[in-house]
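K.L.:
Sequence and predicted structure, then a few things I'm wondering about:
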Amino acid sequence: MSSVRDPRPPIYGLMAEFPSADALIEAAHQVHEAGYQKVDAYTPYPIEAVSEALALPRSKVPLIVLIGGLLGGLGGYALQYWSQILVYPMNIGGRPFHSWPAFIVPTFECTILGAALSAVVGMIIINGLPQPYHPVFNVPRFALASRDRYFLVIEARDPKFDTDATRRFLAGLNASEVSDVEH
Amino acid sequence: MATLEKLPPPPPKPDVMPFVAPGHTSGTVTDKISDVILRRHTPKWWLLGFTVAFALLMLFLTCVTWLFVKGVGIWGVNWPVGWGFAIINFVWWIGIGHAGTLISAILLLFRQEWRTSINRFAEAMTLFAVACAGMFPVLHLGRPWLFYWLLPYPNTMNLWPQFRSPLIWDVFAVSTYATVSAVFWYIGLVPDLATMRDRAKNRIARVLYGMGSLGWRGSARHWHNYETAYLLLAGLSTPLVLSVHTVVSFDFSIGIIPGWHATIFPPYFVAGAIYAGFAMVLLLAIPLRVAFGWSDFITLRHLENMGKVMLATGLIVFYGYIMELFFAWYSANTYERFMAWNRVTGPYSRYWLALIFCNGLAPQALWFRKVRTSPFGLFIISLIVSVGMWLERFVIVVTSLTRDFLPASWGPYKGTIWDWGTFIGTLGLFLTLFFLFIRILPAISIFEMRTIVPGGEAGDEITEVV
């Protein structure tokens, strides 16, 4: 397809494989110090030290959850106020129409529901999921990222990226294997 | 010093035994948990168990069909007992679900790493138990196909639910609980579905697991948000699970019936729920670890810990029974005193005595380490406790309703064959779902197990403790 001008670099990036979490953490530190920015690590389970080594920004999920919880709680209370006082007032055992203690339980449940759903939906959206295709899956050994291997990818879009120099750099970080990631 | 070093190391005591048998790595836990699903042949015990469970599910459908044809008159409910088995079974099932959330959320916040090998199937148990529980109030409606009238939605009749009623609180509490449990469970499954996708040989399985995994690739950025969301969900589920059985207890305690109108109900219901739930977790865990050969993951130490939780919550429940009697006397209220006396000596005294035996006396055996570390002993006690918790709800519902204030309005209650059929049928629904779950999804959280083996994030700390 040489007739179509592809603005993308020839490969997605370079992938280094590490046999242990400690090796990956060490490598992540060095990659970050070397000034690479378009870097991501792939691990079979969450490792906090890797996020720290890559200096990832704070997660936005807590803010989304706070907003979702507040909206859920306010919405739940508003629903009850509107239906029980404004549009369908009923005298139940002589209680005042605005009998707020009775409204606490649904308000609480709506708060939790709003917060929990926004945690899940927020996390999925921030992470850009669902994403059935991603270039890293083109590396056959990457299937082990969900088992017991640790991977680090430097994208070709990174301003510091240079195929040969970056390959040498990664190989020098105790990587057991460095491979090209096709688009 | 030199002589000391030559001595062989003492065998580890049970309370410092690791949570995973020694020798496991990230790779071996992955293989061991996923292989039981990815193997070609369905084991015979599974087919047998599924057949029995499915037969019971058919019994449930038969009972429900007949209910739809004839109406709730086929059940034993009538005045003065208008609730009967439906509410007994509802509370029993929903209580069982609570242990799953306790294990997955509260023990996570308390950093109890032993929860890791039991949280996945305990959460599945929660979901299936809530599904069974939800059947009863809906079937009891009389016109179950109009159940959506309970929800607040704009309608042409211009009607709104009555939010001052505990029954509407229940709708909100249980539906929120079911939703949050389901998303919590699914989010926990996503990284494991990615593992299944990468390990499955069969193309259809790979595509289906891949769709479920949302294209998860274990990126550090994703884990970063994932962990935050997971912890927040745990923090949200903790007050939620405590609120659900509290609201269920409001169904009773907001009413003025003697024996129900008590402030002790919420805490004592929550403790009872966790008690019954841990009994059910043990009933599922003990056969599961044998069938799948998972005693490396669900060790005796796990069973012992669950036994301890059962003992503690059982004592709270037993304290609740004693306090109910004490307050009936101390209130100096004629009806409360009669209720207590009637419970102990009246027509349903056999149920009360059986309840005290099942929930109060039998679990005292858990004081002994021999019992707590014996799978067989724990299994028997869990069975007894499950029966006891059902009896508890029977005693609360039936003794209070059959004899309330006016002797002129007293009347007996007995479940009919359709009541029993529906109840046993929901056991079939529960077991059918559970058998399907253990056949197609990893019943232990693989990615969390990786964190507690040596080399994992928390694994090194644990090995040091050993």
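P.N.:
Alright, I've got the coordinates.

K.L.:
Run through the strands of chain A in chain order.
P.N.:
Defined through DSSP state E, the strands belonging to chain A, from first to last, are A:13-18, A:39-42, A:150-155, A:177-181.

K.L.:
For residue B:85, find the nearest of these.
P.N.:
The minimum distance between residue B:85 and the strands of chain A falls on strand A:39-42, with 52.5 Å, by C-beta to C-beta. C-beta: built from backbone N, CA, C; applies to glycine.

K.L.:
how distant is that closest one from the center of its chain?
P.N.:
For strand A:39-42, the distance between its averaged C-alpha position and the chain's averaged C-alpha position is 12 Å (C-alpha atoms, centre = their mean, to the nearest Å).

K.L.:
That strand vs chain B: in contact?
P.N.:
Yes: applying C-beta under 8 Å from any C-beta of the partner chain, one finds strand A:39-42 in contact with chain B at A:40, A:41, A:42.

K.L.:
Would you mind listing which of the residues you listed are buried?
P.N.:
The neighbour count (16 or more other C-beta atoms under 10 Å in any protein chain shown) marks A:40, A:41, A:42 as buried among these.

K.L.:
Switch these over to a markdown table; also include distance to residue B:401.
P.N.:
What follows is these, written out as a markdown table (distance: C-beta to C-beta, whole Å):
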| residue | distance to residue B:401 |
| --- | --- |
| A:40 | 62 |
| A:41 | 61 |
| A:42 | 60 |
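
K.L.:
from the residues you listed, which single one is nearest residue B:86?
P.N.:
Proximity of these to residue B:86 was ranked by C-beta to C-beta; the top entry is residue A:42 with 50.6 Å.

K.L.:
which residues touch the closest one?
P.N.:
Residues touching residue A:42, when contacts are defined by C-beta atoms under 8 Å, 6 or more residues apart in numbering or on different chains, comprise A:136, A:142, A:145, A:150, A:151, A:152, A:153, B:217, B:218, B:219, B:220.

K.L.:
ditto for residue B:215
P.N.:
When contacts are counted by C-beta under 8 Å, 6+ apart, residue B:215 touches A:129, A:130, A:131, A:132, A:133, A:134.

K.L.:
With adjacent residues omitted, what lies nearest to the second one?
P.N.:
The spatially closest residue to residue A:130, leaving aside those adjacent along the chain, is residue B:214, at 3.8 Å (C-beta to C-beta, 6 or more residues apart in numbering or on different chains).

K.L.:
Then that neighbour would be within a strand, right?
P.N.:
No: the secondary structure assignment for residue B:214 gives coil rather than a strand, going by DSSP: H, G, I helix; E, B strand; the rest coil.

K.L.:
Now do the contacts for it.
P.N.:
Going by C-beta under 8 Å, 6+ apart, residue B:214 touches A:124, A:129, A:130, A:131, B:190.

K.L.:
mind giving me CSV with the buried ones among the residues of strand A:39-42 next to chain B and columns for pLDDT?
P.N.:
Rendered in CSV, the data for these read as follows (pLDDT from 0 to 100):
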residue, pLDDT
A:40, 90
A:41, 91
A:42, 92
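
K.L.:
returning to what we had before: could you redo the contacts of residue A:42 as JSON lines and give each row distance to residue B:136?
P.N.:
Formatted as JSON lines, the entries for the contacts of residue A:42 read as follows, by distance: C-beta to C-beta, whole Å:
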{"residue": "A:136", "distance to residue B:136": "48"}
{"residue": "A:142", "distance to residue B:136": "48"}
{"residue": "A:145", "distance to residue B:136": "45"}
{"residue": "A:150", "distance to residue B:136": "49"}
{"residue": "A:151", "distance to residue B:136": "50"}
{"residue": "A:152", "distance to residue B:136": "53"}
{"residue": "A:153", "distance to residue B:136": "52"}
{"residue": "B:217", "distance to residue B:136": "43"}
{"residue": "B:218", "distance to residue B:136": "42"}
{"residue": "B:219", "distance to residue B:136": "44"}
{"residue": "B:220", "distance to residue B:136": "46"}
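
K.L.:
State the distance from the closest residue to residue B:215 other than its chain neighbours to residue A:50.
P.N.:
Computed as C-beta to C-beta, 6+ apart, the closest residue to residue B:215 that is not its neighbour in sequence is residue A:131, at 4.1 Å. Remark: distance between residue A:131 and residue A:50 (C-beta to C-beta, to the nearest Å) = 20 Å.

K.L.:
more crowded one of those two?
P.N.:
residue A:50 (25 against 12; other C-beta atoms under 10 Å in any protein chain shown).

K.L.:
Phi, psi for the residue nearest the centre of chain A please.
P.N.:
Most central in chain A under C-alpha atoms, centre = their mean is residue A:127, positioned 3.5 Å from the mean C-alpha point. Phi and psi for residue A:127, reported as degrees, to the nearest 10, are phi -80, psi 0.

K.L.:
thought it was touching residue B:221?
P.N.:
Yes: in this structure, residue A:127 sits in contact with residue B:221. The criterion is C-beta atoms under 8 Å, and the distance is 7.2 Å.

K.L.:
Overlap of the contact sets of the two?
P.N.:
By C-beta under 8 Å, 6+ apart, no residue touches both residue A:127 and residue B:221.

K.L.:
For residue 27, which residues are in contact?
P.N.:
Using chain A here. Applying C-beta under 8 Å, 6+ apart, the residues near residue A:27 are A:16, A:18, A:152, A:170, A:173, A:174, A:175.

K.L.:
other chain: chain B
P.N.:
Neighbour list for residue B:27: A:147, A:148 [criterion: C-beta under 8 Å, 6+ apart].

K.L.:
Near the closest residue in space to residue A:25 that isn't next to it in sequence, how many residues? Count them for me, please.
P.N.:
Leaving out its chain neighbours, the residue that sits closest to residue A:25 by C-beta to C-beta, 6+ apart is residue A:49, at 4.7 Å. Residue A:49: 15 surrounding residues under other C-beta under 10 Å.

K.L.:
Residue A:49 contacts residue A:26, correct?
P.N.:
No: the pair residue A:49 / residue A:26 is not scored as a contact, 9.7 Å apart, by C-beta under 8 Å.

K.L.:
Reformat the contacts of residue B:214 as TSV; add distance to residue B:60 and pLDDT.
P.N.:
Compiled in TSV, the contacts of residue B:214 are given as follows (distance: C-beta to C-beta, whole Å; pLDDT from 0 to 100):
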residue	distance to residue B:60	pLDDT
A:124	35	94
A:129	37	87
A:130	35	90
A:131	40	89
B:190	31	94
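
K.L.:
State the pair within those that is farthest apart.
P.N.:
Considering C-beta to C-beta, no two members of the contacts of residue B:214 lie farther apart than A:131 and B:190, which are separated by 12.2 Å.
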